[in-house]
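Asks: I'll drop the sequence and a predicted model, then ask my questions.
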Amino acid sequence: MKPAPFAYERPRDLNAALSMLAAGNGSAKIIAGGQSLGPMLNLRLVQPELIIDISGLVELKRAEISGGELVLGALVTHADIEDGRTADVTRGAMRGVATNIAYRAVRNRGTIGGSLSHADPAADWISALAALGARVTLRSLAGARSMAVEAFVVGALESALHASEIVEAVHVPMRAASAHWGYAKSCRKTGEFAHAIGAVLIDPAAASARVVIGAIDTTPIVITDAAELFGGRIAADYKQRFDVRVADALLAKAGIDDAAQRHIHISVLKRAVLEAGA
Amino acid sequence: MTTIALQVNRRAVELSAEPRTSLADFVRDKLDLTGTHLGCEHGVCGACTVLLDGVPARSCITYAAACEGADVTTIEGLDEDEISTELRAAFTREHALQCGYCTPGMLVSARDLVLRLPDADERRIRVGLSGNLCRCTGYVGIVRAVQSVIEARRARNVAPLADGGRTSLGPVGSGRATASRSERPVQQALAPASESATPGSIPDFTPATVLDQRFTLAHPPAKVFAMFDDIAGIAACLPGVSLKSPPRPERVEGLIRVRLGPIAAAFEGAARVERDPATLSGRIVGIGTDQRSHSATQGEIRYRLLPLENGAATAVELSIGYTLTGMLAQVGRPGLVRDLAKRLVAEFAANLDRHMSGASSGQAAPAELSFWSIVSDVLRALLARIFGRAFTGRGGAQ
């Protein structure tokens, strides 16, 4: 339960970190809060030669509203969001998600960028940020690129990150005044990774919705054209019109063969829809 | 070794430690502050919870080197603390401990709740303490103790501090260090797998988990079945596999490298291949060990070929069974297995199809192992389990 030996470097800035990562040639691993990587290191499931500790980099600790969206540096912690130390453009949606991630002692160190990089399908931000329509900026020495959160996660523990790239920031769009937000998850024990996640951003006024079925052991199902889930149109009565059969078909299509599993996911999604509010 | 300077219980400390030293081991072994307890050592049980820059953090998954310049308070540093004093009295009164192993972490978390919660709502206290496991008390006394301290303080008009007093962004404990560089440790060369790593016999077994997979190939069943007899050829379609020696059906020896996210393992082992031409079916049974993680697996793949489109195409039905023991088995999250197996079987099927159509499988690797490599899917899957619930406490949080 002690990690295998590793070298440790604390780069002075982001560029130095990226240089170290590139020079590491696959044998280096970035650590931020270490709340996902730490357990893996301790269990020796991961044995990198070099750990690059970016937790001190001020460039990654920003939180500002810019161009109508919230830009959160990768090092913003769940507790930072929970406590409102960061600005908010989601009218409390992100705060609600952050508050229910793991435990306070973990939220005090665990970061939004680290959670995304880890790409655990059962983690909260992967689903919540996809529902909110967020994007991530990835940076390497070659430059930066940006992509939607749902494109960033490519499978269980697999992200779109290249070997020499890190998550730099998360960009969260402003939640429309008329948009309803609902988020539900099922955990056998409080704070545990979820067995099912439902996240919905429904705007009856704009007749649009983003619906996410998460924690399905692979990339979450993200439905941007969600009218079919609500009987063909998204309107004020969307809660009554939610069609579990359509959700069931989506899950079956995603390869969830076990009817009991589909039932759990649908129940959790339904809870998110029913609890959604302005 | 790297030199680490930080404050522990208001005392400046400067000591050298290996970078892999956890903050918990640092305070226990270097400073004799053994009140910080280690339970699970992967962030779930909460016994090691300390205050880092004034707020709770797991000292088992926080490395001491990452706390350069930070302010650490262990249970020993809370003797004079007002809330902790009140909590100790309440814990005594309410019988909130028996063996006491969880108590230091419990007190640190309880102190945080007393500080932050606006009122003594039982549910919120229980949720707030859910990251601290107690195996003796059933929590009733603990919750009552915390509740009573919150009630008493709110009755005295002591206002809550919702953010626990933290004002800066980023992981607690970070931000006051200067850039540094430690010496590279002497890399332990991975011991070459010894002869004994390859098992002498390949026993039958009853798999703990069975997965069914299916894919189709645009070739007749007889051709596919013949292809399945070409162990080296099949192996070339499978990623991460290398053969130790020319394969024989009764014994295929090789190595499977599997990678899942940041986890890498190399299972060395042997398999035997059985075929039944009458039913176009077969079975591969294997056993392997990963020296690094001291884990072992037994795997079995049963396949059956069914004609499609009047015999022009073939449906390949796979039943993959496995049992994993050792460290990798400690934690389980079988769900991820399906995703991995699906992805890998799809990759395998695509390579197989290319191979049978005369194209290169796109793999430069020479002779590689056979169906064992489907076992490789399984192994990957197994690896997937690892992260599993062991890490659970952390809803995702690097």
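Replies: That came through, no problem.

Asks: Next, count neighbours for residue B:93.
Replies: The tally of other residues near residue B:93 (other C-beta atoms under 10 Å in any protein chain shown) stands at 12. Heads up, the C-betas are built off the backbone N, CA and C, glycines and all.

Asks: Would you mind measuring from it to chain A?
Replies: For residue B:93, the distance to chain A equals 25 Å [C-beta to the nearest C-beta, to the nearest Å].

Asks: Could you do residue B:123 as well?
Replies: Separation of residue B:123 from chain A (C-beta to the nearest C-beta): 10 Å.

Asks: what's the helix or strand for that residue?
Replies: Residue B:123 is part of helix B:122-128 when elements are defined by DSSP states H and E.

Asks: Next: residue B:227.
Replies: helix B:221-228.

Asks: average pLDDT across the next helix or strand after that helix?
Replies: With elements assigned by DSSP H and E, the helix or strand that comes after helix B:221-228 is helix B:231-236. Averaged across helix B:231-236, pLDDT comes to 80.

Asks: How about helix B:231-236, which residues are buried there?
Replies: For helix B:231-236, a neighbour-count test (16 or more other C-beta atoms under 10 Å in any protein chain shown) marks B:231, B:233, B:234, B:235, B:236 as buried.

Asks: Run the chain-centre distance for that helix.
Replies: Between the centre of helix B:231-236 and the centre of its chain there are 31 Å (C-alpha atoms, centre = their mean, to the nearest Å).

Asks: So which elements touch the helix or strand that comes right after it?
Replies: Next helix or strand after helix B:231-236 toward the C-terminus (DSSP H and E): strand B:241-243. Applying 3 or more C-beta pairs under 8 Å, 6 or more residues apart in numbering or on different chains; DSSP states H and E, we find strand B:241-243 packed against helix B:231-236, strand B:252-260, helix B:372-386.

Asks: let's see it at 10 Å
Replies: In terms of contacts (3 or more C-beta pairs under 10 Å, 6 or more residues apart in numbering or on different chains; DSSP states H and E), strand B:241-243 is packed against helix B:231-236, strand B:252-260, strand B:263-276, helix B:372-386.

Asks: For the stretch 101-250 of chain A, which segments count as strands?
Replies: Here the stretch 101-250 of chain A has its strands, by DSSP state E, counting those that start in this stretch, at A:135-140, A:143-148, A:153-155, A:158-159, A:166-173, A:180-186, A:196-203, A:208-214, A:221-223.

Asks: and those, which is most packed in?
Replies: Mean neighbour count (mean count of other C-beta atoms under 10 Å in any protein chain shown) peaks for strand A:196-203 among those, with a mean of 27.

Asks: CA atoms only: put that one into PDB for me.
Replies: Provided in PDB are the C-alpha atoms of strand A:196-203 (Å, rounded to 0.1, in the frame of the first residue of the first chain):
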ATOM      1  CA  ALA A 196     -26.100   5.900 -12.300                       C
ATOM      2  CA  ILE A 197     -26.200   9.600 -13.100                       C
ATOM      3  CA  GLY A 198     -28.900  11.700 -14.800                       C
ATOM      4  CA  ALA A 199     -28.300  15.300 -15.800                       C
ATOM      5  CA  VAL A 200     -30.700  17.500 -17.700                       C
ATOM      6  CA  LEU A 201     -30.600  21.000 -18.900                       C
ATOM      7  CA  ILE A 202     -34.000  21.800 -20.300                       C
ATOM      8  CA  ASP A 203     -35.100  25.100 -21.700                       C
END
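
Asks: Mind checking the pLDDT average for that strand?
Replies: Rounded mean pLDDT across strand A:196-203 is 98.

Asks: That strand to strand A:208-214, inter-axis angle?
Replies: 170 degrees (axes from the mean of the first three to the mean of the last three C-alpha atoms, to 10 degrees).

Asks: Could you tell me how many residues sit around the closest residue to chain A within the stretch 101-250 of chain B?
Replies: Nearest to chain A in the stretch 101-250 of chain B, going by C-beta to the nearest C-beta, is residue B:131, at a distance of 2.7 Å. Residues near residue B:131, counting by other C-beta under 10 Å, number 27.

Asks: secondary structure class for it?
Replies: Of the three states, residue B:131 takes coil under DSSP: H, G, I helix; E, B strand; the rest coil.

Asks: what's near enough to touch it?
Replies: Counting by C-beta atoms under 10 Å, 6 or more residues apart in numbering or on different chains, residue B:131 touches A:102-107, A:189-192, B:43-46, B:49, B:56, B:58, B:105, B:109, B:393-394.

Asks: For the stretch 251-398 of chain B, give me the ranges with low pLDDT.
Replies: B:327-341, B:359-398 (pLDDT under 70).

Asks: At which residues are the helices of it located?
Replies: Ranges of helices within the stretch 251-398 of chain B are B:335-356, B:372-386, based on DSSP state H, counting those that start in this stretch.

Asks: Residue B:174 reaches residue B:67, doesn't it?
Replies: Yes. Assessed by C-beta atoms under 10 Å, residue B:174 is found in contact with residue B:67 at 8.1 Å.

Asks: Mutual contacts of those two, please.
Replies: With C-beta under 10 Å, 6+ apart as the test, residue B:174 and residue B:67 both reach A:55, B:52, B:53.

Asks: quick revisit: restrict the buried residues of helix B:231-236 to those near chain A?
Replies: Among the buried residues of helix B:231-236, no residue sits close to chain A (C-beta under 10 Å from any C-beta of the partner chain).

Asks: now the residues you listed in TSV, with distance to residue A:73?
Replies: Shown next, in TSV, are those (distance: C-beta to C-beta, whole Å):
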residue	distance to residue A:73
B:231	52
B:233	50
B:234	48
B:235	46
B:236	45
